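A.B. asks: Generate coordinates for the sequence data below:
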Amino acid sequence: MALIKSVRGFTPKIGEDTYLAENATIIGDVEIGKGCSIWFGTILRGDVNSIRIGDGVNIQDGSVLHTLYEKSTIEIGNEVSVGHNVTIHGAKICDGALIGMGSVVLDHAVIGEGAIIAAGSVVLSKTIVEPGSIYAGVPAKFVKKVDPAQSQEINQRIARNYHMYASWYKEEETESGK
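C.D. replies: Okay, here's the model as predicted:
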C-alpha cells in the first residue's frame with residue numbers, strides 16, 4: 001500500500017478509481033483527481049506547498065513533484081502524462097500535455113495545453129511553453145508546433161493506456177484479496 005502521510009495539518013486527497021503503486025509516496029497538501037495512476041517509486045511531496053492534479057493523469061515511475069516554500073505550487077491539468085523519472089518543481093502543466101522521460105520542469109514554468117516536452121529536457125524557471133508546441137534540450141527550446149489533433153491523439157492515447165495498465169494492477173489486488 002502506498003505511503004500516504006499527513007503533515008502540517010494537510011492530508012492527501014485521492015480521487016476515485018486512482019491507482020497508487022505500493023511504494024508511491026503522497027505527502028501533505030496533495031489532491032489527486034479521479035482515474036489517475038501514480039506509479040512505483042513516485043513521490044508527491046506537498047509538505048511545503050500545494051500539489052493539485054486533475055483527472056486521468058499518469059505520473060510514471062521514479063518521478064518527484066515538489067515546490068518552494070510559500071513561493072510555488074504545482075498544478076497539473078487533465079489527461080497529462082508525466083514520464084519516468086521526471087522532476088516537476090513548482091510548475092503548471094496544462095491539460096493534455098506530455099512531459100517526456102527524465103525531464104526537469106522548474107518553478108513557475110507553464111507547459112501549455114497539448115504541449116510536448118521531449119525526453120531529457122530541462123525547462124528553466126519561468127519558461128512559458130506555448131500550447132501545441134514541442135520543446136527539447138538543455139535548456140529546453142522551441143522545436144516546432146504540432147498539429148493540435150495529432151498532439152491530442154498521441155497524448156490522450158498515452159493517458160488512456162496508463163489507465164488501462166493501472167487496471168491490471170487493480171485486478172491483481174482484487175484476485176489476491178488485498
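
A.B. asks: Could I get the full set of helices for the chain?
C.D. replies: With helices called from DSSP state H, the chain shows them at 148-176.

A.B. asks: where in it is pLDDT low?
C.D. replies: The model of the chain has pLDDT under 70 over residues 172-178.

A.B. asks: Show me which positions of the longest strand seen in the chain end up buried.
C.D. replies: Counting residues, the longest strand found in the chain (DSSP state E) is strand 43-53. Buried residues in strand 43-53, counted by 16 or more other CB atoms under 10 Å: Ile43, Leu44, Arg45, Gly46, Asp47, Val48, Asn49, Ile51, Arg52, Ile53. The C-beta positions use only the backbone N, C-alpha and C, and glycine is treated the same way.

A.B. asks: Let me know how buried Gln150 is, in neighbour terms.
C.D. replies: Residues near Gln150, counting by other CB atoms under 10 Å, number 11.

A.B. asks: measure it to Ile134 for me?
C.D. replies: Distance of Gln150 to Ile134, given as CB to CB, to the nearest Å: 11 Å.

A.B. asks: contacting residues for the closest residue to Ile14 other than its chain neighbours?
C.D. replies: Nearest residue to Ile14, sequence neighbours excluded (CB to CB, 6 or more residues apart in numbering): Ile32, at 5.1 Å. Neighbouring residues of Ile32 by CB atoms under 8 Å, 6 or more residues apart in numbering: Pro12, Lys13, Ile14, Gly15, Thr18, Ile26, Ile38, Leu44, Ile53, Val57.

A.B. asks: hang on, the earlier thing: put together CSV for the buried residues of strand 43-53, with distance to Arg8 on each row.
C.D. replies: Listed next are these as CSV, based on distance: CB to CB, whole Å:
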residue, distance to Arg8
Ile43, 17
Leu44, 15
Arg45, 12
Gly46, 9
Asp47, 7
Val48, 9
Asn49, 10
Ile51, 13
Arg52, 17
Ile53, 19
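
A.B. asks: Contacts for the longest strand of the chain, please.
C.D. replies: For strand 43-53, the surrounding residues in contact (CB under 8 Å, 6+ apart) are 7-8, 10, 12, 24-33, 36, 38, 59, 63-76, 90.
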